[in-house]
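In: here's my sequence, what's the structure:
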Amino acid sequence: MAWPWRRLAATAGAVRIEALAERLGWSRRHLVRRFRERTAPSLKPAAQLFRFERATALLRGRTPAPPLAAVTAEAG
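Out: Predicted coordinates for the structure are as follows:
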């Protein structure tokens, strides 16, 4: 499960779960089940976490803060 985790991290959670599963030659359901068995968060919350971290990085140290809609769009 290291590869899907690294892909989520590298894309800041923007990669689609279906794309990960396809790359592995698995069904989405099988990937989600295997990921959940081996890691604490399941795939969707993990992707959300990476997107949130990306959004906070985009906001950090920027004055004035950019519009939240723009940050949300950029973070995915």
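In: in three-state terms, how would the residue sitting nearest the centre point of the chain be classified?
Out: The centroid of the chain falls nearest to residue 13 when counting by CA atoms, centre = their mean (1.7 Å). Following DSSP: H, G, I helix; E, B strand; the rest coil, we place residue 13 in the coil state.
In: so what's it up against?
Out: By CB atoms under 8 Å, 6 or more residues apart in numbering, the contact set of residue 13 is 46-51, 54, 76. In this view, the C-beta of every residue, glycine as well, is placed from N, C-alpha and C.
In: which residue packs closest to it, ignoring adjacent ones?
Out: Closest residue to residue 13 apart from its sequence neighbours, by CB to CB, 6 or more residues apart in numbering: residue 50 at 3.2 Å.
In: count the neighbours of that neighbour for me.
Out: Counted by other CB atoms under 10 Å, the residues lying close to residue 50 total 21.
In: chain center to the host helix or strand of it: distance?
Out: Taking DSSP states H and E as the definition, one finds residue 50 inside helix 43-59. Per CA atoms, centre = their mean, to the nearest Å, the displacement of helix 43-59 from the mean C-alpha position of its chain is 6 Å.
In: re earlier: please list only the buried members of the contacts of residue 13.
Out: Buried members of those, counted by 16 or more other CB atoms under 10 Å: 46-47, 50-51, 54.
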